[in-house]
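# for reference, the sequence and a predicted model appear below.
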Amino acid sequence: NPTGTELRAEIDRLRKERNAVILAHYYQKPELQDLADFVGDSLELSRKAADTDADVIAFCGVKFMADTAKILSPEKIVVLPDMDAGCSLEDSCPPQKFKAFREAHPDHVALTYINCSTEVKALSDIIVTSSSAETIISQIPKDQPIIFGPDRHLGGYLNRKFGRDMLLWPGVCIVHEAFSEKELLKLKAQNPGAPVAAHPECPPTIIDHADYVGSTSGILNYAKTMPGDTLIVATEPHIIHQMEKALPMKRFIGAPGADGNCNCNICPYMALNTMEKLYACLRDLEPRIEIEEGLRLKAKQSLDRMLEMAS
Ligand code: 13P
Ligand code: SF4
(Lines give C-alpha, C1' and ligand atoms only; values in the text may rest on other atoms or scores of the structure.)
(Ligands and ions follow the chains in the order given, each with its own letter.)
Protein backbone atom coordinates (compact mmCIF):
# COMPACT_ATOMS: atom_id res chain seq x y z
CA ASN A 1 0.00 0.00 0.00
CA PRO A 2 1.36 3.45 -0.93
CA THR A 3 2.09 5.92 1.88
CA GLY A 4 0.32 9.26 2.17
CA THR A 5 3.33 11.04 0.66
CA GLU A 6 3.44 8.64 -2.31
CA LEU A 7 -0.28 9.05 -2.89
CA ARG A 8 0.00 12.83 -2.81
CA ALA A 9 2.85 12.71 -5.34
CA GLU A 10 0.83 10.42 -7.63
CA ILE A 11 -2.25 12.65 -7.34
CA ASP A 12 -0.08 15.65 -8.27
CA ARG A 13 1.37 13.83 -11.25
CA LEU A 14 -2.09 12.78 -12.49
CA ARG A 15 -3.58 16.22 -11.88
CA LYS A 16 -0.99 17.69 -14.30
CA GLU A 17 -1.16 14.84 -16.80
CA ARG A 18 -4.96 15.04 -17.01
CA ASN A 19 -5.18 18.84 -16.77
CA ALA A 20 -7.50 18.28 -13.81
CA VAL A 21 -8.71 20.65 -11.13
CA ILE A 22 -9.48 19.25 -7.66
CA LEU A 23 -12.40 21.00 -5.95
CA ALA A 24 -13.18 20.26 -2.30
CA HIS A 25 -15.92 21.18 0.13
CA TYR A 26 -15.08 22.28 3.70
CA TYR A 27 -16.62 19.06 5.07
CA GLN A 28 -13.95 16.90 3.46
CA LYS A 29 -11.14 15.22 5.41
CA PRO A 30 -8.23 17.66 6.06
CA GLU A 31 -5.86 15.76 3.73
CA LEU A 32 -8.31 16.22 0.83
CA GLN A 33 -8.87 19.91 1.62
CA ASP A 34 -5.08 20.39 1.67
CA LEU A 35 -4.62 18.71 -1.72
CA ALA A 36 -7.39 20.62 -3.46
CA ASP A 37 -6.81 23.48 -5.89
CA PHE A 38 -9.83 25.19 -4.38
CA VAL A 39 -11.88 24.70 -1.20
CA GLY A 40 -15.22 26.45 -0.83
CA ASP A 41 -18.91 26.48 0.01
CA SER A 42 -21.52 25.15 -2.41
CA LEU A 43 -21.96 28.46 -4.27
CA GLU A 44 -18.23 29.07 -4.67
CA LEU A 45 -17.67 25.49 -5.84
CA SER A 46 -20.45 25.87 -8.44
CA ARG A 47 -18.86 29.07 -9.72
CA LYS A 48 -15.41 27.44 -9.92
CA ALA A 49 -16.87 24.48 -11.80
CA ALA A 50 -18.58 26.81 -14.27
CA ASP A 51 -15.43 28.88 -14.87
CA THR A 52 -12.58 26.36 -14.91
CA ASP A 53 -10.55 25.72 -18.06
CA ALA A 54 -9.39 22.32 -16.81
CA ASP A 55 -10.37 19.22 -18.82
CA VAL A 56 -11.27 17.19 -15.73
CA ILE A 57 -12.99 18.20 -12.50
CA ALA A 58 -12.29 15.82 -9.58
CA PHE A 59 -14.96 16.70 -7.05
CA CYS A 60 -14.20 16.00 -3.40
CA GLY A 61 -17.70 16.53 -2.10
CA VAL A 62 -21.04 14.79 -2.47
CA LYS A 63 -22.88 13.70 -5.59
CA PHE A 64 -25.26 16.65 -5.95
CA MET A 65 -22.19 18.93 -6.01
CA ALA A 66 -20.48 16.89 -8.73
CA ASP A 67 -23.80 16.78 -10.65
CA THR A 68 -23.95 20.59 -10.41
CA ALA A 69 -20.42 20.81 -11.81
CA LYS A 70 -21.43 18.61 -14.77
CA ILE A 71 -24.65 20.59 -15.39
CA LEU A 72 -22.64 23.82 -15.57
CA SER A 73 -19.61 22.37 -17.42
CA PRO A 74 -20.94 19.57 -19.65
CA GLU A 75 -17.84 19.41 -21.84
CA LYS A 76 -15.65 18.55 -18.84
CA ILE A 77 -15.11 15.08 -17.44
CA VAL A 78 -16.42 15.20 -13.86
CA VAL A 79 -15.32 12.44 -11.49
CA LEU A 80 -16.43 11.79 -7.92
CA PRO A 81 -14.15 9.59 -5.77
CA ASP A 82 -17.15 7.64 -4.39
CA MET A 83 -20.52 7.56 -6.18
CA ASP A 84 -22.24 6.59 -2.92
CA ALA A 85 -21.43 10.01 -1.43
CA GLY A 86 -25.06 11.15 -1.36
CA CYS A 87 -26.98 13.48 0.95
CA SER A 88 -29.94 12.92 3.29
CA LEU A 89 -31.63 16.02 1.88
CA GLU A 90 -31.43 14.69 -1.67
CA ASP A 91 -32.73 11.30 -0.47
CA SER A 92 -35.69 12.95 1.26
CA CYS A 93 -36.97 14.41 -2.00
CA PRO A 94 -37.81 11.82 -4.70
CA PRO A 95 -38.48 13.62 -8.01
CA GLN A 96 -41.95 12.06 -8.54
CA LYS A 97 -43.15 13.22 -5.12
CA PHE A 98 -41.63 16.65 -5.63
CA LYS A 99 -43.39 16.89 -9.00
CA ALA A 100 -46.72 16.17 -7.29
CA PHE A 101 -45.94 18.84 -4.65
CA ARG A 102 -45.24 21.36 -7.43
CA GLU A 103 -48.36 20.44 -9.34
CA ALA A 104 -50.49 20.82 -6.21
CA HIS A 105 -49.30 24.47 -5.98
CA PRO A 106 -49.29 25.76 -9.56
CA ASP A 107 -49.25 29.45 -8.58
CA HIS A 108 -46.15 29.02 -6.38
CA VAL A 109 -42.54 29.65 -7.38
CA ALA A 110 -40.37 26.59 -6.63
CA LEU A 111 -37.31 27.83 -4.75
CA THR A 112 -35.05 24.86 -4.13
CA TYR A 113 -31.92 24.22 -2.08
CA ILE A 114 -28.99 22.99 -4.18
CA ASN A 115 -28.84 19.84 -1.99
CA CYS A 116 -31.17 17.88 -4.30
CA SER A 117 -31.06 15.67 -7.39
CA THR A 118 -30.68 16.93 -10.96
CA GLU A 119 -34.30 15.83 -11.58
CA VAL A 120 -35.55 18.04 -8.73
CA LYS A 121 -33.44 20.95 -10.03
CA ALA A 122 -35.10 20.45 -13.42
CA LEU A 123 -38.53 20.75 -11.72
CA SER A 124 -37.54 23.97 -9.89
CA ASP A 125 -37.59 27.66 -10.84
CA ILE A 126 -34.64 28.95 -8.83
CA ILE A 127 -31.88 27.13 -6.93
CA VAL A 128 -30.33 28.60 -3.80
CA THR A 129 -27.36 27.71 -1.63
CA SER A 130 -27.11 28.72 2.01
CA SER A 131 -24.92 31.69 1.04
CA SER A 132 -27.17 32.91 -1.79
CA ALA A 133 -30.63 32.18 -0.31
CA GLU A 134 -31.02 35.51 1.51
CA THR A 135 -30.04 37.68 -1.49
CA ILE A 136 -32.31 35.66 -3.76
CA ILE A 137 -35.39 35.56 -1.52
CA SER A 138 -35.23 39.31 -1.04
CA GLN A 139 -35.62 39.73 -4.83
CA ILE A 140 -38.90 37.75 -4.89
CA PRO A 141 -41.98 39.98 -4.36
CA LYS A 142 -43.58 39.54 -0.91
CA ASP A 143 -46.95 38.57 -2.40
CA GLN A 144 -45.46 35.80 -4.55
CA PRO A 145 -46.21 32.42 -2.93
CA ILE A 146 -43.25 30.03 -2.77
CA ILE A 147 -42.69 26.33 -2.20
CA PHE A 148 -39.29 25.56 -0.68
CA GLY A 149 -37.55 22.20 -0.57
CA PRO A 150 -35.97 19.98 0.52
CA ASP A 151 -34.53 21.46 3.77
CA ARG A 152 -37.29 22.48 6.18
CA HIS A 153 -34.80 24.02 8.63
CA LEU A 154 -33.22 26.34 6.05
CA GLY A 155 -36.74 27.13 4.76
CA GLY A 156 -38.01 27.80 8.30
CA TYR A 157 -35.03 30.06 9.03
CA LEU A 158 -35.72 32.06 5.85
CA ASN A 159 -39.45 32.26 6.68
CA ARG A 160 -38.67 33.70 10.13
CA LYS A 161 -35.97 36.09 8.96
CA PHE A 162 -37.87 37.46 5.96
CA GLY A 163 -41.44 37.22 7.30
CA ARG A 164 -42.45 34.78 4.53
CA ASP A 165 -44.73 31.78 4.68
CA MET A 166 -43.13 29.49 2.13
CA LEU A 167 -44.58 25.97 2.09
CA LEU A 168 -41.80 23.65 3.25
CA TRP A 169 -40.78 20.20 2.05
CA PRO A 170 -40.13 18.08 5.18
CA GLY A 171 -36.45 17.14 4.54
CA VAL A 172 -33.57 17.51 7.00
CA CYS A 173 -29.80 17.14 7.03
CA ILE A 174 -29.05 14.23 9.38
CA VAL A 175 -25.78 15.88 10.41
CA HIS A 176 -27.18 19.24 11.54
CA GLU A 177 -30.26 17.57 12.99
CA ALA A 178 -27.97 15.70 15.43
CA PHE A 179 -26.83 18.73 17.47
CA SER A 180 -28.18 18.76 21.00
CA GLU A 181 -29.56 21.97 22.51
CA LYS A 182 -28.98 20.67 26.03
CA GLU A 183 -25.32 19.86 25.34
CA LEU A 184 -24.84 23.16 23.51
CA LEU A 185 -26.10 25.08 26.54
CA LYS A 186 -23.69 23.13 28.76
CA LEU A 187 -20.80 23.98 26.42
CA LYS A 188 -21.78 27.66 26.39
CA ALA A 189 -21.82 27.69 30.19
CA GLN A 190 -18.31 26.18 30.20
CA ASN A 191 -17.10 28.84 27.74
CA PRO A 192 -18.73 32.07 28.91
CA GLY A 193 -18.87 34.74 26.21
CA ALA A 194 -17.81 32.42 23.36
CA PRO A 195 -20.04 33.14 20.35
CA VAL A 196 -21.86 30.37 18.47
CA ALA A 197 -21.83 30.18 14.66
CA ALA A 198 -24.46 27.89 13.13
CA HIS A 199 -25.31 26.65 9.66
CA PRO A 200 -28.95 27.33 8.64
CA GLU A 201 -29.46 23.56 8.17
CA CYS A 202 -29.55 23.40 12.00
CA PRO A 203 -32.94 23.11 13.73
CA PRO A 204 -34.35 26.28 15.35
CA THR A 205 -33.40 24.96 18.84
CA ILE A 206 -29.74 25.47 17.81
CA ILE A 207 -30.20 28.58 15.60
CA ASP A 208 -31.88 30.34 18.55
CA HIS A 209 -28.55 30.27 20.42
CA ALA A 210 -26.42 31.39 17.47
CA ASP A 211 -24.65 34.74 17.24
CA TYR A 212 -24.05 34.16 13.54
CA VAL A 213 -26.00 32.03 11.02
CA GLY A 214 -24.58 31.40 7.55
CA SER A 215 -22.99 29.09 4.99
CA THR A 216 -19.69 27.34 5.60
CA SER A 217 -17.77 30.23 3.98
CA GLY A 218 -19.86 32.70 5.97
CA ILE A 219 -18.94 30.90 9.21
CA LEU A 220 -15.27 30.91 8.22
CA ASN A 221 -15.40 34.67 7.59
CA TYR A 222 -17.22 35.21 10.88
CA ALA A 223 -14.38 33.38 12.68
CA LYS A 224 -11.98 36.01 11.29
CA THR A 225 -13.94 38.96 12.70
CA MET A 226 -15.68 37.51 15.79
CA PRO A 227 -15.21 38.99 19.24
CA GLY A 228 -12.93 37.02 21.59
CA ASP A 229 -10.71 34.03 20.86
CA THR A 230 -13.08 31.03 21.17
CA LEU A 231 -15.85 30.02 18.77
CA ILE A 232 -18.45 27.27 19.09
CA VAL A 233 -19.04 25.87 15.60
CA ALA A 234 -22.45 24.31 14.88
CA THR A 235 -21.80 22.72 11.52
CA GLU A 236 -19.89 19.69 10.22
CA PRO A 237 -16.64 19.73 12.24
CA HIS A 238 -14.18 19.27 9.34
CA ILE A 239 -14.54 23.00 8.60
CA ILE A 240 -12.54 23.59 11.80
CA HIS A 241 -9.44 22.49 9.85
CA GLN A 242 -9.60 25.69 7.73
CA MET A 243 -10.26 27.82 10.81
CA GLU A 244 -7.24 26.43 12.63
CA LYS A 245 -5.08 27.01 9.56
CA ALA A 246 -6.22 30.61 9.09
CA LEU A 247 -6.45 31.53 12.79
CA PRO A 248 -3.94 29.44 14.78
CA MET A 249 -4.21 31.65 17.87
CA LYS A 250 -7.97 31.12 18.22
CA ARG A 251 -9.84 28.14 19.63
CA PHE A 252 -12.65 26.35 17.79
CA ILE A 253 -14.99 23.92 19.48
CA GLY A 254 -17.39 21.73 17.52
CA ALA A 255 -20.96 21.91 18.86
CA PRO A 256 -21.93 18.61 20.51
CA GLY A 257 -24.48 15.95 19.75
CA ALA A 258 -26.50 14.15 22.44
CA ASP A 259 -23.41 12.17 23.54
CA GLY A 260 -21.56 15.42 24.36
CA ASN A 261 -18.98 15.31 21.56
CA CYS A 262 -18.95 16.47 17.95
CA ASN A 263 -17.96 13.21 16.24
CA CYS A 264 -21.57 12.19 15.64
CA ASN A 265 -21.85 15.30 13.46
CA ILE A 266 -19.37 14.08 10.85
CA CYS A 267 -21.18 13.77 7.53
CA PRO A 268 -21.10 10.04 6.67
CA TYR A 269 -21.50 10.78 2.95
CA MET A 270 -18.65 13.30 2.75
CA ALA A 271 -16.49 10.85 4.75
CA LEU A 272 -16.68 8.24 1.95
CA ASN A 273 -14.11 10.16 -0.11
CA THR A 274 -10.50 9.25 0.64
CA MET A 275 -7.05 9.96 -0.83
CA GLU A 276 -6.95 6.43 -2.28
CA LYS A 277 -10.29 6.92 -4.05
CA LEU A 278 -9.25 10.37 -5.31
CA TYR A 279 -6.08 8.84 -6.74
CA ALA A 280 -8.06 6.01 -8.37
CA CYS A 281 -10.61 8.34 -9.95
CA LEU A 282 -7.89 10.55 -11.45
CA ARG A 283 -6.12 7.45 -12.78
CA ASP A 284 -9.23 5.75 -14.22
CA LEU A 285 -11.37 8.85 -14.94
CA GLU A 286 -14.14 6.85 -13.26
CA PRO A 287 -16.63 6.95 -11.58
CA ARG A 288 -17.83 9.67 -13.92
CA ILE A 289 -20.94 11.86 -13.77
CA GLU A 290 -23.16 11.53 -16.85
CA ILE A 291 -26.42 13.44 -17.30
CA GLU A 292 -28.91 13.12 -20.13
CA GLU A 293 -28.82 16.35 -22.20
CA GLY A 294 -32.53 17.26 -22.02
CA LEU A 295 -32.52 16.88 -18.24
CA ARG A 296 -29.26 18.81 -17.94
CA LEU A 297 -30.62 21.78 -19.90
CA LYS A 298 -33.74 21.95 -17.71
CA ALA A 299 -31.71 21.75 -14.49
CA LYS A 300 -29.30 24.37 -15.83
CA GLN A 301 -32.09 26.96 -16.11
CA SER A 302 -32.76 27.01 -12.37
CA LEU A 303 -29.02 26.99 -11.58
CA ASP A 304 -28.32 29.83 -14.04
CA ARG A 305 -31.08 31.83 -12.37
CA MET A 306 -29.30 31.37 -9.05
CA LEU A 307 -25.94 32.44 -10.48
CA GLU A 308 -27.54 35.59 -12.00
CA MET A 309 -29.55 36.53 -8.91
CA ALA A 310 -26.73 35.79 -6.43
CA SER A 311 -24.17 38.07 -8.07
P1 13P B 1 -22.56 25.31 2.18
O2 13P B 1 -21.09 24.98 2.07
O3 13P B 1 -23.04 25.94 0.92
O4 13P B 1 -22.83 26.13 3.39
O5 13P B 1 -23.35 23.92 2.30
C6 13P B 1 -23.29 23.10 3.39
C7 13P B 1 -23.69 21.69 3.13
O8 13P B 1 -24.33 21.04 3.91
C9 13P B 1 -23.27 21.04 1.94
O10 13P B 1 -23.78 19.78 1.94
FE1 SF4 C 1 -26.13 16.41 3.00
FE2 SF4 C 1 -25.96 17.21 5.51
FE3 SF4 C 1 -23.99 15.78 4.50
FE4 SF4 C 1 -24.37 18.32 3.68
S5 SF4 C 1 -23.78 17.65 5.72
S6 SF4 C 1 -23.98 16.53 2.38
S7 SF4 C 1 -26.59 18.47 3.80
S8 SF4 C 1 -26.10 15.10 4.79
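Received it, and whenever you're ready, just let me know what you need. Ligands and ions are numbered 1, 2, ... in the order given.
# so which strand or helix has H241?
helix 240-246 (DSSP states H and E).
# ok, the helix or strand just after that helix near ligand 2 or not?
Next helix or strand after helix 240-246 toward the C-terminus (DSSP H and E): strand 251-254. No - residues of strand 251-254 are not located near ligand 2 by C-beta under 6 Å from any ligand atom, the shortest gap being 13.3 Å. In short, each C-beta sits where N, CA and C put it, glycine included.
# ok, A104 - how many residues close by?
Neighbours of A104 under the rule other C-beta atoms under 10 Å: 10.
# ok, back up a step: hmm, who's touching the helix holding H241?
Identification of contacts with helix 240-246 by C-beta atoms under 8 Å, 6 or more residues apart in numbering yields 26, 30, 33, 39, 220, 223-224, 231, 233, 250, 252, 254.
# starting at the chain centroid, how far to that helix?
How far helix 240-246 lies from its chain's middle: 18 Å, per C-alpha atoms, centre = their mean, to the nearest Å.
# and stretch 116-126, by the same measure?
Between the centre of stretch 116-126 and the centre of its host chain there is 16 Å, according to C-alpha atoms, centre = their mean.
# one more: stretch 234-248?
Counting by C-alpha atoms, centre = their mean, stretch 234-248 comes out at 15 Å from the chain centroid.
# start to end distance for it?
Start-to-end span of stretch 234-248 (C-alpha to C-alpha, to the nearest Å) is 19 Å.
# same question, stretch 131-140
By C-alpha to C-alpha, the extent of stretch 131-140 from end to end equals 16 Å.
# so P145 is in contact with P106, correct?
No - here P145 does not reach P106: they are 10.2 Å apart, not a contact under C-beta atoms under 8 Å.
# of those two, which one has the most company?
P145 (13 against 6).
# how about that one, what does it touch?
P145 neighbours (C-beta under 8 Å, 6+ apart): 105, 107-109, 166-167.
# residues near the residue nearest to S132 when sequence neighbours are not counted, how many?
With C-beta to C-beta, 6 or more residues apart in numbering as the criterion, S132 has its nearest non-adjacent residue at 3.7 Å, and that residue is A310. Other residues lying near A310 total 20 when counted by other C-beta under 10 Å.
# distance check, A310 against R47.
From A310 across to R47, the span is 9 Å (C-beta to C-beta, to the nearest Å).
# just to revisit the earlier point, and the helix holding H241, average pLDDT?
Across helix 240-246, pLDDT averages out at 97.
# now stretch 99-107
The average pLDDT within stretch 99-107 is 98.
# got it, and stretch 63-70?
Here stretch 63-70 scores 97 as its mean pLDDT.
# and that stretch, how far out from the chain's middle?
On the basis of C-alpha atoms, centre = their mean, stretch 63-70 is displaced by 11 Å from the centre of the chain it belongs to.
# near ligand 1, anything from that stretch?
No - using C-beta under 6 Å from any ligand atom, stretch 63-70 stays clear of ligand 1, coming no nearer than 7.3 Å.
# pretty sure L23 sits against S73.
No - assessed by C-beta under 8 Å, L23 is found out of contact with S73, at 10.9 Å.
# quick one, what contacts the residue most central in space within the chain?
What sits nearest the mean C-alpha location of the chain, by C-alpha atoms, centre = their mean, is S42, with 4.7 Å. Shown in contact with S42 (C-beta under 8 Å, 6+ apart): 25, 65, 68, 114-115, 129-131, 215.
# enumerate the residues of the stretch 101-250 of the chain near ligand 1.
Residues of the stretch 101-250 of the chain lying close to ligand 1 (C-beta under 6 Å from any ligand atom) are 115, 129-131, 173, 199, 201, 215-216.
# repeat that for 5 Å
Within reach of ligand 1 by C-beta under 5 Å from any ligand atom, the stretch 101-250 of the chain has these residues: 129-130, 215-216.
# before we move on, back to that, now for L23 and S73: what residues contact both?
In contact with both L23 and S73: 49, 57, using C-beta under 8 Å, 6+ apart.
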